[in-house]
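Undergrad: sequence plus the predicted model coming up.
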Amino acid sequence: GDTSEEARRAFARVLQRCLGARQGRQKRRSRTPIPGISGMNVMPNARDRMASARQVLGVQGVLWNQPGMVKARVPETPSRAYVYLDVSGSMNQLLPHLLGLLLPYVTHGQAVTFQFSTRVEPLPLNQLRNGHLRTTQGTDINCVLIHALAANPQLKKVLILTDGYTGSPRPDLVRQIQASGLKIHAVLPGESA
């Protein structure tokens, strides 16, 4: 509701970094290899769908359809940002503003949101819209790092919304983050630690 326009623009810029290159409003289609019929030759193929039709019609074919990879235009998967929202007690004053900033991006499918304190849980749109957050008291950044590293497919960028009171990351997780190339962006309010 009362989040300033300047804060909205700053948040949009950070979220854009996590989304990567935007594809605009136009639905693009990329040429991707998919299984299909790659040609014909004299080798019999039990999976040739035309073989039974030729047999019923009494037409003896010499050529058989052959399976293979063909390039076809398929819709590109739109880019989405993975956002981790700190819901610990120290964030109580900030959460209403952050929920208002996140809501449009989650509504349009540009962001997937998780809540964390000492463990990570999904934050679906209906819970975000109603402000239903679940905290496990305290804050531990390690649960976020473990969750981001375990994501499949592997994440390239994540956004963490926190006040900075998250504890220290484990050295082994920091090394794994660096080795994976995962980039972590953080939004910290001006008065944060």
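TA: Perfect, I can see it now.
Undergrad: rest of the way, CA atoms for contacts and neighbours
TA: Fine.
Undergrad: please identify which helix or strand holds the residue lying closest to Q60 once chain neighbours are set aside.
TA: Leaving aside its sequence neighbours, Q60 sits nearest to R54 (Cα to Cα, 6 or more residues apart in numbering; 6.6 Å). In the assignment (DSSP states H and E), R54 maps to helix 50-57.
Undergrad: quick one on the thing from earlier: residues near the residue nearest to Q60, how many?
TA: By other Cα atoms under 10 Å, the residues close to R54 number 12.
Undergrad: which stretches of this structure form helices?
TA: Along the chain, counting by DSSP state H, helices occupy 5-19, 50-57, 95-107, 125-130, 141-150, 171-180.
Undergrad: grab the nearest non-local neighbour of the residue most central in space within the chain.
TA: Computing the C-alpha centroid of the chain and ranking residues by Cα atoms, centre = their mean puts R80 first, at 4.5 Å. Closest residue to R80 apart from its sequence neighbours, by Cα to Cα, 6+ apart: Q110 at 4.6 Å.
Undergrad: distance of the one you found from V174?
TA: 27 Å (Cα to Cα, to the nearest Å).
Undergrad: so the two - more neighbours on which side?
TA: Higher neighbour count among Q110 and V174: Q110, with 18 against 13, using other Cα under 10 Å.
Undergrad: show me the shaky parts of this structure.
TA: Along the chain, segments meeting pLDDT under 70 span 1-3, 19-30, 74-79, 190-193.
Undergrad: what residue of it is the furthest out?
TA: Outermost residue of the chain (Cα atoms, centre = their mean): G58, 52.8 Å.
Undergrad: so who does it touch?
TA: The neighbourhood of G58, defined by Cα atoms under 8 Å, 6 or more residues apart in numbering, contains no residues.
Undergrad: about what we covered before: of all the helices of the chain, which lies closest to A186?
TA: Nearest to A186, of all the helices of the chain, is helix 5-19, at 8.4 Å by Cα to Cα.
Undergrad: quick one, that closest one and helix 95-107 angle?
TA: 50 degrees (axes from the mean of the first three to the mean of the last three Cα atoms, to 10 degrees).
Undergrad: what are the contacting residues of helix 5-19?
TA: With contact meaning Cα under 8 Å, 6+ apart, helix 5-19 is reached by S79, R80, A81, Y82, L101, Q110, K157, V158, L159, H185, V187.
Undergrad: can you flag which of those residues belong to strands?
TA: Among these, the members found in strands (DSSP state E) are A81, Y82, K157, V158, L159, H185, V187.
Undergrad: okay, now the first one: neighbour count?
TA: Put plainly, it is A81. 23.
Undergrad: what residues are up against it?
TA: Listed by Cα under 8 Å, 6+ apart, the contact partners of A81 are L15, C18, L19, Q110, A111, V112, K157, V158, L159.
Undergrad: name the nearest residue to it, sequence neighbours excluded.
TA: Excluding its sequence neighbours, the residue lying closest to A81 (Cα to Cα, 6+ apart) is A111, at 4.5 Å.
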